[in-house]
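> Got a sequence here, can you build the structure:
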Amino acid sequence: MLSDPVRFEGRILFLTEDADKVCRQLAGGDLDLDQALHLRNQISTDEITPAFICYHFDEKLGDFPYLGLKCGDAFPVKEGSVRAGGFAVSVAGKRRGKGSSREASPYAEQCAGIRLVIAESFERIYRQNAQNLGLLTSTDAGLIPRIRRGEGIPLVEFTTGLDPVTAEIVRRGGLFAYNAARLTGEVLPPLPAHGLRPMTYAEKLLARHAVVDAAAGQVGLPVVKPGDGLFVQADWRFSHEYVTPMAASFLEKALGSDAILREPATILAFRDHLTFLHHTMKPEHRAMDLLTVAERLKPAQEAFCTKHGIRLHGELPDGTGSEGICHSIMAERYVLPGQLVVGTDSHTPHAGALGCLAFGVGTTDIACAWVTGDVRVTVPPTMRVRLRGRLRAGVSAKDVILHLLAQPLIREGGAIGHVIEYQGEGLLDLDTDERATLTNMAAEIGGFTGLIAPDAETIRFVQERRGVALSLESWMHGDGGAAYAHTLEVDCAALGPMLARPGDPGNGVPLAELGEAVPIDIAYLGSCTGGKRGDLRRAFEVVQTAAAEGRRVPEGVQFFVQCGSEDVRRYAIAQGWMAAFEAVGAVVLGSSCGACINAGPGVSTRPDQVTISAINRNFPGRSGPGQMWLASPATVAASALAGRIVGA
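You can find the predicted model right below:
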């Protein structure tokens, strides 16, 4: 249990927009809150711990928090500087921890000595990861002068407003301590008790998976509502190579090397992020011996999976890629409507396109879930996105989501932690691959997950991809009269192709309003968001005419095509799509996350390079030091052929 009151002995670090102010603090100077303004907003986990830092999965991470923090045009934090500064508290602005679900970020802060993170608002996964680790969080800037005076802060100030389960996790100092008490019966999670009420589809899914009595295997509640703290039984649990070794290490430290996993047949592992890393690692990172560090992840994951009988979707034997990206394979091979799926990646909501509740969790969450079979959630509110009318020809799901990300409600964090449920006539124009782009990028919205109730298209997809006849159950929809926290309307007929300017997926601009000519150096078609069958088909429709006419990608432009899975790549080869891409000068790569995680061909190598990409996020440093624009697969293909950003 944490001490009560809590005292913080150490300095306060303000993460500001001014690089000089950050440097001044790292050199030993202190600031007041007024002097620190303006604080950095929307600090992503890519900035807290850039991808190459996450090759470490132990206390060494404490040397690297905020290494990717961009203040103006500068990166003021250096290796070891936060740990050496003696900081106990870190302060930032809105939407702290957006982006990837990597628990390496709060773990790096904790290992550097940080015990409390303060922000105007937090992204859901980041805050949950911090709570799981025992790292305290607060949105109360009024704590700052009290901490400076040496005042002890009552523990209740860090638990007020939390559901009872989360509050007890905070009091006990983390999720492992809480689960240890839960498994011995020392603590029993309180169950909500409500009268009958109309529920959204997401609420129905959570109610049906709510753990009532873990020892007896009893699952299912008649009603839940937003704010309820629950443990929910997962039908599938998966992790990738960035997380599996760290989770295995956490598990062994907490429960010993003989921990028994629950139902290993429903646990999956993937090596999908780093299979091309050796092709693109920067010389300065090689000089830091990071390739050796990264290469430890593969055998550590393989050993854990072998020990526990876990199915590992790994690298291809010939070294040309991986079996596929976790999200792609989960949708193509595993998940079904009505299921609940958790994975160690913020884009786990990809599978929500099939009518299942799929959401990202952190390292501690998955390590505990391996043993218990369940994860804790606070029932989230639901934001309804109603797609009115029909999409015009040439407008895709990526255009819809980039339009949504630019809306003020979303940019200001109004959808943080919400289920994003898509409804409306516009869904009729989107097959499951396209729908997966909408649910996948709920992560960029800051949502808990993205979700679409299953329909005839879901049945078609499962039959086509798996040869399985599927029948939907009558409960698989939201109730009439269900409560939605917000409703956003999208006039599909008025929507055209969209872009996101470099720096953030929310920097949306209609392609028709771009104005200036933007020459490109790199075009990248790939990732879980942009490497599905439907994505490649739309890009092929753009390049087939050019291929027939003998036109090619201009000199000085690189065009990379990378599938989300080998299932997709085999299909694309059979359809003749890959031959068409190669005919116009594209480089076709084996399946992998690759450039999307700054670990494969397609990354920029210089700040002046311009990339147009079909991936899901363009935070600073996400895919190299250059300027990255986000766009639909069709726009990426058209721009590759033109050598500048253009529409299809």
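
> where do the strands sit along the stretch 451-600 of the chain?
For the stretch 451-600 of the chain, strands defined by DSSP state E, counting those that start in this stretch occupy the ranges 486-491, 498-500, 508-510, 522-525, 558-562, 587-589.

> In a markdown table: the ones you listed, plus mean pLDDT and mean neighbour count.
C-beta here means a position set from N, CA and C on the backbone, and glycine is covered the same way. Shown next, in a markdown table, are these (pLDDT from 0 to 100; neighbours: other CB atoms under 10 Å):
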| stretch | mean pLDDT | mean neighbour count |
| --- | --- | --- |
| strand 486-491 | 97 | 14 |
| strand 498-500 | 98 | 25 |
| strand 508-510 | 97 | 17 |
| strand 522-525 | 98 | 29 |
| strand 558-562 | 98 | 26 |
| strand 587-589 | 96 | 19 |
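
> Export those to JSON lines and append columns for distance to Pro226.
As requested, the strands of the stretch 451-600 of the chain are exported to JSON lines (distance: least, CB to CB, whole Å):
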{"stretch": "strand 486-491", "distance to Pro226": "12"}
{"stretch": "strand 498-500", "distance to Pro226": "30"}
{"stretch": "strand 508-510", "distance to Pro226": "28"}
{"stretch": "strand 522-525", "distance to Pro226": "38"}
{"stretch": "strand 558-562", "distance to Pro226": "39"}
{"stretch": "strand 587-589", "distance to Pro226": "43"}
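
> closest one to Trp236 among the ones you listed?
Closest to Trp236 of those is strand 558-562 (CB to CB; 24.8 Å).

> In its sheet, which strands sit next to the closest one, and in what direction?
strand 522-525 (parallel), strand 587-589 (parallel) (DSSP bridges).

> Contacts for stretch 459-474, please.
With CB atoms under 8 Å, 6 or more residues apart in numbering as the test, stretch 459-474 has contacts from 332-333, 336-338, 354-355, 431-432, 454-455, 458, 567.

> ok, so of those residues, who is nearest Asp4?
Comparing these against Asp4 with CB to CB picks out Gly338 as the nearest, at 42.5 Å.

> So which residues of the stretch 401-550 of the chain form helices?
Residue ranges of the helices in the stretch 401-550 of the chain, as given by DSSP state H, counting those that start in this stretch, are 408-411, 432-440, 442-445, 456-466, 527-530, 533-549.

> Is it possible to get JSON lines of those helices that adds mean neighbour count?
What follows is the helices of the stretch 401-550 of the chain, written out as JSON lines (neighbours: other CB atoms under 10 Å):
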{"stretch": "helix 408-411", "mean neighbour count": "16"}
{"stretch": "helix 432-440", "mean neighbour count": "27"}
{"stretch": "helix 442-445", "mean neighbour count": "29"}
{"stretch": "helix 456-466", "mean neighbour count": "16"}
{"stretch": "helix 527-530", "mean neighbour count": "30"}
{"stretch": "helix 533-549", "mean neighbour count": "21"}
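
> In a markdown table, list those helices along with mean pLDDT and distance to Val375.
As requested, these are exported to a markdown table (pLDDT from 0 to 100; distance: least, CB to CB, whole Å):
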| stretch | mean pLDDT | distance to Val375 |
| --- | --- | --- |
| helix 408-411 | 95 | 26 |
| helix 432-440 | 98 | 19 |
| helix 442-445 | 96 | 17 |
| helix 456-466 | 97 | 24 |
| helix 527-530 | 96 | 21 |
| helix 533-549 | 94 | 30 |
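
> Tell me which of the strands paired with strand 558-562 sits nearest to Gly220.
With distances scored as CB to CB, the stretch of these nearest to Gly220 is strand 522-525 (43.0 Å).

> Just give me how far the closest one sits from the chain centre.
Its chain's C-alpha centre and that of strand 522-525 lie 21 Å apart, by CA atoms, centre = their mean, to the nearest Å.

> ok, Gly478 touching Leu451?
No - in this structure, Gly478 is not within contact of Leu451 by CB atoms under 8 Å, at 9.6 Å.

> quick one: common contacting residues for the two?
Common contact partners of Gly478 and Leu451 (CB under 8 Å, 6+ apart): Tyr201, Glu421.

> Counting neighbours, go ahead and name the busier of those two.
Each of Gly478 and Leu451 has its neighbours counted (other CB atoms under 10 Å); Leu451 has more, 30 against 21.

> number of nearby residues for Gly142?
10.

> what does Glu513 give?
Using other CB under 10 Å, Glu513 is surrounded by 9 other residues.

> go on, the one 4 residues further on?
Ala517 has 9 neighbouring residues, counting by other CB under 10 Å.

> isn't it right next to Arg644, touching?
Yes - the pair Ala517 and Arg644 qualifies as a contact (CB under 8 Å) at a distance of 5.5 Å.

> Is it possible to get JSON lines of the helices of the stretch 401-550 of the chain that adds distance to Ala74?
Listed next are the helices of the stretch 401-550 of the chain as JSON lines, based on distance: least, CB to CB, whole Å:
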{"stretch": "helix 408-411", "distance to Ala74": "24"}
{"stretch": "helix 432-440", "distance to Ala74": "32"}
{"stretch": "helix 442-445", "distance to Ala74": "25"}
{"stretch": "helix 456-466", "distance to Ala74": "47"}
{"stretch": "helix 527-530", "distance to Ala74": "29"}
{"stretch": "helix 533-549", "distance to Ala74": "36"}
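
> So for Glu9, what's the nearest residue that isn't a sequence neighbour?
Nearest residue to Glu9 in three dimensions, chain neighbours excluded: Ala88, at 6.3 Å (CB to CB, 6 or more residues apart in numbering).

> which stretch of helix or strand covers that neighbour?
In this structure, Ala88 is located in strand 87-91 according to DSSP states H and E.

> Just the pLDDT for the residue nearest to Glu9.
Looking at Ala88, its pLDDT stands at 98.

> From the recorded domain assignment, give the ranges for the chain.
Listed by automatic domain parsing, the domain ranges of the chain are 11-178, 236-375, 380-496, 500-642.

> and the closest residue to Leu61 other than its chain neighbours, what is it in contact with?
Nearest residue to Leu61 in three dimensions, chain neighbours excluded: Ala108, at 3.9 Å (CB to CB, 6+ apart). Applying CB under 8 Å, 6+ apart to Ala108 gives the contacts Ile48, Thr49, Ile53, Leu61, Gly62, Phe64, Pro65.
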